[in-house]
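> Quick one: sequence plus predicted model below, questions after.
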Amino acid sequence: MQKLVEVRKRAATVRSIRSVASTMATVASAKLSRTRERAAGMRVYAERMREVIRRQQAAAAELGVDLVGLSPFLQPRAEVRRVLLLHVSGDRGMCGAYNSAIDRIAGAFICERRADGVEVSAIAKGLKGAKFLHRRTEATLLDAAGWPKAGVTTDELDALSTRLSAAFMSGEADEVWCTYTRFYSPMRRYPTLVRLLPLTFESAAGTTASQPGAKARRWFYEPDLPTVVTELMGIFLRLQVEDVLLESYASEQGARMITMEEATERADRSLQELTVAYNRLRRELITSDLIGVLFASSLREDERSLDGGEA
């Protein structure tokens, strides 16, 4: 009887775990769906922005002007002494190796830069990453923030992009890097290290304005070309930050969805095994009770027969 009660309690515990895992998988799937829609629209906008910048780069090249000299966002430093790292992770676990994978990339980057004599400071987006930077690395943690319930918000994007651009423009950081997880599908996620500042763009040689025989366009800038280019660079930096956050948030939700679905399947298998074990123990208990009843009945019949024979 004791074993039967233990199996029943264990089955109830597994049912509770399965319910939690199934609910978390459903919630993660819904969040992933919304984030993927936003990310898809943002990619189209970012590609159009790159096209605009490439056209301006080609038009400036026709005039013998290099865009690098027009905007501080594009100007590399002669010597890199200070680096700012934006480390994007999750707030909690239950998402497989999502957090540990990106933490390894960030840890290796920090160790490599410090070995080169570069001072590394960090901004953590995600409480798991903040704990890792604080306990496992020697980087100076400037700021740490968790994820709001809404995921990636406009106010957060504005504040973070302004913080990164201000650090680069003021000389607080000679370069700004980011470690995040790039999302391809719920099963394919790749930890990635990318440089955010200074900005770099591919050559404008393939654009229409720079091709031989193409009709050159005449551009008019108000108030002037450096101001317009700097404004475009600021917008593009914000797009990069939005891409990083959306990709990371989608990767976390995809990892959690897959992990919780696997946990649900394992719970189903455990429940099936426990049900079989419970039924077997119950049959054994019923069988032993029946044997006891039959044995007691046979004893009473023997006693009656003995009493009749003596009479």
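The structure has been received and is ready for your questions.

> Pull the distance from the lengthiest helix in the chain to the chain's centre.
Secondary structure of the chain per DSSP state H: the longest helix is helix 225-310. Helix 225-310 has its C-alpha centroid displaced from the chain centroid by 25 Å (CA atoms, centre = their mean, to the nearest Å).

> What average pLDDT does it get?
For helix 225-310, mean pLDDT is 86.

> Please name every helix or strand in contact with that helix.
Helix 225-310 sits against helix 2-62, strand 82-88, helix 98-115, helix 154-169, strand 175-185, strand 188-197, with contacts defined as 3 or more CB pairs under 8 Å, 6 or more residues apart in numbering; DSSP states H and E. Using the backbone N, CA and C atoms, a C-beta is placed for each residue, glycine as well.

> now it against helix 154-169, angle please.
Orientation of helix 225-310 against helix 154-169 (axes from the mean of the first three to the mean of the last three CA atoms, to 10 degrees) gives an angle of 130 degrees.

> contacting residues around the residue nearest to the spatial centre of the chain?
Nearest to the geometric centre of the chain sits residue 252, at 3.0 Å (CA atoms, centre = their mean). Neighbouring residues of residue 252 by CB atoms under 8 Å, 6 or more residues apart in numbering: 90, 95, 98, 181.

> tell me which of the residues you listed is nearest to residue 284?
Proximity of those to residue 284, judged by CB to CB, is greatest for residue 95, which lies at 41.9 Å.

> how near is residue 191 to residue 179?
Counting by CB to CB, to the nearest Å, the gap from residue 191 to residue 179 is 7 Å.

> Could you do residue 288 as well?
Separation of residue 288 from residue 179 (CB to CB): 62 Å.

> Just want the angle from the longest helix of the chain to strand 175-185.
Angle of helix 225-310 versus strand 175-185, following the same axes, to 10 degrees, is 50 degrees.

> quick one, helix 225-310 and helix 98-115 angle?
On the basis of the same axes, to 10 degrees, helix 225-310 is oriented at 140 degrees to helix 98-115.

> returning to what we had before: neighbour count: residue 288 and residue 179, which is higher?
Remark: of residue 288 and residue 179, residue 179 carries more neighbours, 26 against 10, as counted by other CB atoms under 10 Å.

> Who are the contact partners of the more buried one?
Residues near residue 179 by CB under 8 Å, 6+ apart: 85-88, 102, 105-106, 109, 191-193.

> run the last query once more with 10 Å
Applying CB atoms under 10 Å, 6 or more residues apart in numbering to residue 179 gives the contacts 85-89, 102-110, 122, 129, 191-194, 244, 248.

> For stretch 151-159, the averaged confidence score.
91.

> Could you give me the buried positions within that stretch?
Buried positions in stretch 151-159, judged by neighbour count with 16 or more other CB atoms under 10 Å: 151-152, 156-157.

> Any chance of TSV for the helices and strands packed on helix 225-310, columns distance to residue 223?
Formatted as TSV, these follow (distance: least, CB to CB, whole Å):
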stretch	distance to residue 223
helix 2-62	15
strand 82-88	30
helix 98-115	39
helix 154-169	20
strand 175-185	27
strand 188-197	24
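
> for those, which one ends up most surrounded?
Counting by mean count of other CB atoms under 10 Å, strand 82-88 has the highest mean neighbour count of the helices and strands packed on helix 225-310, with a mean of 24.

> so what's residue 92 up against?
Applying CB under 10 Å, 6+ apart to residue 92 gives the contacts 99, 126-128, 146-147, 252, 256.
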